[in-house]
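Trainee: no FASTA, just this:
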């Protein structure tokens, strides 16, 4: 097969969709040395995020700015096939919500990561939400297969777009092999001293934006730390996103400058050490298509508290405490409950290790490769993939 994959997100985005594409592609190439791959991107790769290297892979860059590519393909709908840039292809995979114009003979896969722009537009950047509302329905309609990262996203596609069940497959996120508990005190102390952290430590990971509900977590931490056995510090790892200023202001308003640490973007190794030293990992996001940080935290042995909304209960199963993300009192109580109940912490760690083992990039890659192969052979009914819906 000749497989073309939109690799732009992998080049441009550090986390989220970018991480999904990089990890999935790397795992597919590790298993497949027969099919030929072309990775297409708008703009140039960078030293940090380069094209994958493999004998059966090549990269192609469109030297057209993203803005003009989007105008040509998605606003003006110019019938300029992407295969003019990628070369002849049997399969084209749009990994980031969209599909460009393609010939009729090309089998089309699109990955939809969430429908936050429809379900919760208040948590999305308005311009991005408007763009996705325009292009996603078209991509879903054109695709031969719509890949989602959770059963919950598949369900919402059926609800909003009446997407035929036979087009849907679930290819979830995975946990990288580097996410394993670190117990070396020298390594843990190095990260602890770098970020000036104290125990008991509550850790959160995610871009500072309204959807991640860091304001609710900070409010809950403010309540929890008043307890004699409550947390001493809250550390938040992640870059600054949309409306991040409101989160920073809340810390000032509550006079928590010495107890809340904003770590910014951290290295993968630092992230693993942070997960490993966390006494509680809290992820009270309002909405997630999958939500990878709770699973990463579980793989590193952190007791997890997360939301009872969207895909999160599906992803974490019974390996985490679930709370209403709108209820800061419930979140504060959950934090203190974990800190004060040693048996509960051990139960969550044990279940978390087991749950994390269910999500590997190798298994997701095998599933995607099987989708490509069956699609190439002419299969059109993937309804068995959504039997649980």
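Mentor: Okay, I see it. Computed from a predicted structure; not experimentally measured.
Trainee: Which residue ranges of the stretch 101-250 of the chain form helices?
Mentor: Secondary structure of the stretch 101-250 of the chain, counting by DSSP state H, counting those that start in this stretch: helices at 116-119, 126-142, 151-161, 185-195, 214-224, 244-253.
Trainee: which one of those helices is the most hemmed in?
Mentor: Comparing the helices of the stretch 101-250 of the chain by mean neighbour count (mean count of other C-beta atoms under 10 Å), helix 214-224 ranks first with a mean of 23. Using the backbone N, CA and C atoms, a C-beta is placed for each residue, glycine as well.
Trainee: which residues are in contact with that helix?
Mentor: Helix 214-224 is contacted by residues 202, 204, 206, 208, 230-231, 234, 236, 246-247, 250-251, 254, 256, 259-260, 282, 284, 325-326, 328-329, 331-333, 335-336 when judged by C-beta atoms under 8 Å, 6 or more residues apart in numbering.
Trainee: Of these, keep whichever come out buried.
Mentor: Neighbour counting over those (16 or more other C-beta atoms under 10 Å) leaves 202, 204, 206, 208, 230-231, 234, 236, 247, 250-251, 256, 259-260, 282, 284, 325, 328, 331-333, 335-336 as the buried ones.
Trainee: Find the residue ranges of the stretch 1-150 of the chain scoring beneath the pLDDT cut-off.
Mentor: 68, 75-79 (pLDDT under 70).
Trainee: And for residue 7, the neighbour number?
Mentor: 28 (other C-beta atoms under 10 Å).
Trainee: gap between it and residue 178?
Mentor: According to C-beta to C-beta, to the nearest Å, residue 7 stands 22 Å off from residue 178.
Trainee: tell me the pLDDT at the residue in the chain sticking out farthest from the centre?
Mentor: Within the chain, the residue lying farthest from the chain centre (C-alpha atoms, centre = their mean) is residue 228, at 35.6 Å. pLDDT recorded at residue 228 is 87.
Trainee: Can you list which of the buried ones among the contacts of helix 214-224 are found in strands?
Mentor: Using DSSP state E, the members of these that fall within strands are 202, 204, 234, 236, 260, 282.
Trainee: Out of these, which two sit at the greatest distance?
Mentor: Using C-beta to C-beta, these reach their maximum pairwise distance at 260 and 282, which is 12.5 Å.
Trainee: What segments of the stretch 51-200 of the chain are strands?
Mentor: According to DSSP state E, counting those that start in this stretch, the stretch 51-200 of the chain carries its strands in the segments 57-62, 91-94, 107-112, 145-148, 168-170.
Trainee: who does the second one touch, helix- and strand-wise?
Mentor: Looking back up the chat, that one is strand 91-94. Counting contacts by 3 or more C-beta pairs under 8 Å, 6 or more residues apart in numbering; DSSP states H and E, strand 91-94 is packed against strand 2-6, strand 107-112, helix 361-376.
Trainee: now do the fourth one
Mentor: Other elements packing on strand 145-148 under the criterion 3+ C-beta pairs under 8 Å, 6+ apart are strand 107-112, helix 151-161, strand 168-170, helix 361-376.
Trainee: which residues touch stretch 116-129?
Mentor: 132-133, 136, 156, 160, 209-211, 242, 286-287, 289, 310.
Trainee: now the ones in strands among the buried ones among the contacts of helix 214-224 in a markdown table, with pLDDT and distance to residue 343?
Mentor: A markdown table is the format used below for these (pLDDT from 0 to 100; distance: C-beta to C-beta, whole Å):
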| residue | pLDDT | distance to residue 343 |
| --- | --- | --- |
| 202 | 98 | 19 |
| 204 | 98 | 24 |
| 234 | 98 | 24 |
| 236 | 98 | 28 |
| 260 | 98 | 29 |
| 282 | 98 | 20 |
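Trainee: so can I have TSV of those residues showing distance to residue 361?
Mentor: Output for those, formatted as TSV (distance: C-beta to C-beta, whole Å):
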residue	distance to residue 361
202	28
204	24
234	30
236	26
260	33
282	25
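Trainee: Check the gap between residue 331 and residue 214 for me.
Mentor: 12 Å.
Trainee: And for residue 59?
Mentor: For residue 59, the distance to residue 214 - C-beta to C-beta - is 36 Å.
Trainee: Spit out the contact partners of residue 202.
Mentor: Residue 202 neighbours (C-beta under 8 Å, 6+ apart): 217, 221, 224, 231, 233-235, 278-282, 335.
Trainee: Same question for the helix or strand containing residue 353: list its buried residues.
Mentor: Residue 353 belongs to helix 342-356 when assigned by DSSP states H and E. Residues of helix 342-356 classed as buried: 345, 348-349, 351-353, 355-356 (neighbour count, 16+ other C-beta under 10 Å).
Trainee: contacts for it?
Mentor: 175, 179, 279, 295-299, 301-304, 316-321, 337-338.
Trainee: and it, average pLDDT?
Mentor: Confidence for helix 342-356, expressed as mean pLDDT, is 98.
Trainee: again, but for stretch 318-338
Mentor: For stretch 318-338, the mean confidence score works out to 98.
Trainee: Next up, the contacts around residue 51.
Mentor: Residue 51 makes contact with 7, 39, 41, 45, 57-59 under the criterion C-beta under 8 Å, 6+ apart.
Trainee: try it again with 6 Å
Mentor: Counting by C-beta atoms under 6 Å, 6 or more residues apart in numbering, residue 51 makes contact with 39, 45, 59.
Trainee: Could you measure from the last one over to residue 112?
Mentor: Okay, so that is residue 59. Relative to residue 112, and taking C-beta to C-beta, residue 59 is found at 24 Å.
Trainee: cool, and the second one?
Mentor: The span separating residue 45 from residue 112 equals 25 Å under the rule C-beta to C-beta.
Trainee: How about the first one?
Mentor: If you measure residue 39 against residue 112 using C-beta to C-beta, the figure is 20 Å.
Trainee: more crowded one of the two?
Mentor: Remark: of residue 39 and residue 112, residue 112 carries more neighbours, 26 against 23, as counted by other C-beta under 10 Å.
Trainee: so the more buried one makes contact with residue 147?
Mentor: No: contact status for residue 112 versus residue 147: not in contact, 7.3 Å apart, counting by C-beta atoms under 6 Å.
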